[in-house]
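S.K.: Here's my sequence, what's the structure:
(one chain, ligands or ions: 3)
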Amino acid sequence: MKIVKEAKTFNQVDTELLIVGVQKNCDHIKGWNNFISFYGENVEEWIRSGDISTERKKMTKIPYTGLNQKIKRVLFVGLGDTKTLTENELRETFGLVGKQLRALKTNNFTIWLESFTASPIDEQTIAFLFAEGAGLGFYQVPHYKTTSNEVDVYMDEVHFVTDGDIDEIAASYEVGKIYADAVNEARSLVNLPPNLLTATDLANYAEQLAKQYDFEIEILNKADLEELGMGGILSVNKGSTEEPRLITIKYQATEKWEDVVGLVGKGVTYDTGGYSIKSKTGMVGMKGDMGGAAAVLGAMKIIGELRPNKNVVAVIGSTDNMISGDAFKPDDVITTYSGKTVEVLNTDAEGRLVLADAVTYAKQQGANYLIDVATLTGGVITALGYDKTGSLTNNEAFFDSFIEASIETGEFVWGMPLTERDKKRIRKSDIADLNNSPGSDGHMIFAGGFVGEFVGDTPWIHLDIAGTSDASSPYDLGPKGGTGVMVRTLATFIERLGEQLN
Ligand code: BES
Ligand code: ZN
Ligand code: ZN
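M.R.: Ligands and ions are numbered 1, 2, ... in the order given. Just a heads-up that it's a prediction; the model follows:
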């Protein structure tokens, strides 16, 4: 990505596509008259007549026939009444611009920043939101079609028309681009077919990431896990011919390893359900059962780029959940890494078993705060649908600061209650400390609450992304498929928490 930093006037623009925001009342924009004289007065008439739509999220592409012969087209982006325009809606609007950029196969373009300003959204914020939103909208799912003759296109080069501080604007744009790239990488992990992304592959990916950003990394294999007695992840892995991996990445920002945030991800690379087997339609899509791991890795990528002043340990438990003569069974009793025993009632409730060991390990590695992210239950979809991540916590103050970050990123998170009665049901077993499937009534809470049994007093947030990690149809910020949900919120939260604690 090349960011061309010089500010230009309309006449100097030397890219094919100029991108202009059109608001319901454009008059308050200082440079509007300049724009009119550059474009020609008919633009005002077209806006009045609706040929250029000012409706929010409506795009109008028009050939440019004025004096600057370099410009081929102008893309007018409807913003509606900017009094009600939120940053989130602007980000989504830019997502649609990103889709246009891909469709136009344009490799460089110019943004007139002022045309998108709305009180209190300034040019620097717009540069950030544009890079993030358009970068997300531009994403395409990698495919394996042998007949395709598509040419690769990239958002290669950006120019700005602005009177503002071009260095600050370019820096904001770069941060937005970092966020989008990390989400897109997480999306691609989720989108990978399960035969091409095993636990070993995921660990290799993490290793490359660690190399790129100079993180400390440890990969535990099956023999290591056996030695440690990680009965949670090992039970889930028992029916598989693929080895499990426990991936630990450390980012140390301060001299002392203190105030450590632990990010824990479910990395089930395929979930057949095991002997509590899923239906043939319920199984399709379970390649995405490592969405939590992808979110954690995506967040680590942003952390690696932006290097906030905060210590982070990421722990990912990765395996598939398969069936064979060796597989674990309902009625098995297993011993987790923490020493707690679990009566297995349902082998499809495997994520919580993997997370139990991963959370225990994260604590052992010094995590003072814990956030686990997992495609954990169908129950969260029943409760909240496909656009809200369900959450639990044991610490309201910690949770409130997380919600602030999620509001900033526009990734909806909703807190669910975890009561003493729920905990009793998780602890109900005649033969073990816990059971892994207390019932199907409100079972999102049982699943997350089970993970909570392993966090002790450590401030903890559980994020169930089963509904939000995979989109069943295209949306403003991306195509159908992996969404990379929580990458941006986790990273934003860690950046902000750094400000609070240091
Ligand atoms: N991986 C699934 C949850 C899931 C469902 C993710 C739909 C994405 C989309 C999880 O391991 C699972 O099977 N959960 C069960 C738990 C039940 C057996 C107690 C569920 O929610 O049905
Ligand atoms: Zn399952
Ligand atoms: Zn699962």
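
S.K.: ok, and for the helix or strand hosting Asp181, which residues are buried?
M.R.: Element membership for Asp181, per DSSP states H and E: helix 166-191. Applying a neighbour-count criterion of 16 or more other CB atoms under 10 Å, one finds 166, 169-191 buried in helix 166-191. C-beta coordinates here come from the backbone N, C-alpha and C atoms, glycine included.

S.K.: when you scan it, is anything in it near ligand 1?
M.R.: No: against ligand 1, helix 166-191 shows no contacts by CB under 6 Å from any ligand atom, the least distance being 10.8 Å.

S.K.: name the helices or strands packed onto the helix or strand following that helix?
M.R.: On the C-terminal side of helix 166-191, the closest following helix or strand by DSSP H and E is helix 199-213. Under the contact criterion of 3 or more CB pairs under 8 Å, 6 or more residues apart in numbering; DSSP states H and E, helix 199-213 touches strand 216-220, strand 245-251, strand 260-271, helix 291-306, strand 311-321.

S.K.: In TSV: those, plus mean pLDDT.
M.R.: Converted to TSV, those look like this (pLDDT from 0 to 100):
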stretch	mean pLDDT
strand 216-220	99
strand 245-251	99
strand 260-271	99
helix 291-306	99
strand 311-321	99
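
S.K.: mind checking which of the ones you listed is nearest ligand 2?
M.R.: strand 260-271 (4.4 Å; CB to the ion).

S.K.: So what are the sheet partners of that closest one and their directions?
M.R.: Sheet pairing of strand 260-271 (DSSP bridges) gives strand 311-321 (parallel), strand 367-374 (parallel).

S.K.: Show me what the following helix or strand past the longest one is packed against.
M.R.: What that stands for is strand 311-321. With elements assigned by DSSP H and E, the helix or strand that comes after strand 311-321 is strand 333-335. With contacts taken as 3+ CB pairs under 8 Å, 6+ apart, strand 333-335 sits against helix 231-237, strand 341-343.

S.K.: Which neighbours in the sheet does the last one have, and how are they oriented?
M.R.: The strands beside strand 341-343 in its sheet (DSSP bridges) come out as strand 333-335 (antiparallel), strand 434-435 (parallel).

S.K.: got the contact list for that strand?
M.R.: For strand 341-343, contacts defined as CB atoms under 8 Å, 6 or more residues apart in numbering pick out 232, 331-336, 353, 356, 429-436.

S.K.: how about the host helix or strand of Ala356: buried residues?
M.R.: Ala356 is part of helix 351-364 when elements are defined by DSSP H and E. Neighbour counts using 16+ other CB under 10 Å place 351-363 of helix 351-364 among the buried residues.

S.K.: show me which of those neighbour ligand 1.
M.R.: Residues of those in contact with ligand 1 (CB under 6 Å from any ligand atom): Gly351.

S.K.: of the buried residues of helix 351-364, closest to Glu123?
M.R.: Ala362 (40.5 Å; CB to CB).

S.K.: Flag every residue of the stretch 151-300 of the chain that's near ligand 1.
M.R.: Neighbours of ligand 1 within the stretch 151-300 of the chain, by CB under 6 Å from any ligand atom: Asp271, Asp289.

S.K.: Any stretches of the stretch 151-300 of the chain with poor pLDDT?
M.R.: 151 (pLDDT under 70).

S.K.: how far away is Thr468 from ligand 1?
M.R.: Here the distance between Thr468 and ligand 1 works out to 10 Å (CB to the nearest ligand atom, to the nearest Å).

S.K.: before we move on, what SS does that residue have?
M.R.: Using DSSP: H, G, I helix; E, B strand; the rest coil, the three-state assignment for Thr468 comes out as coil.

S.K.: Can you give me every residue that contacts it?
M.R.: Listed by CB under 8 Å, 6+ apart, the contact set of Thr468 reads Tyr386, Asp387, Lys388, Thr389, Glu411, Phe412, Thr483, Val485, Met486.

S.K.: try 6 Å
M.R.: Residues near Thr468 by CB atoms under 6 Å, 6 or more residues apart in numbering: Thr389, Val485.
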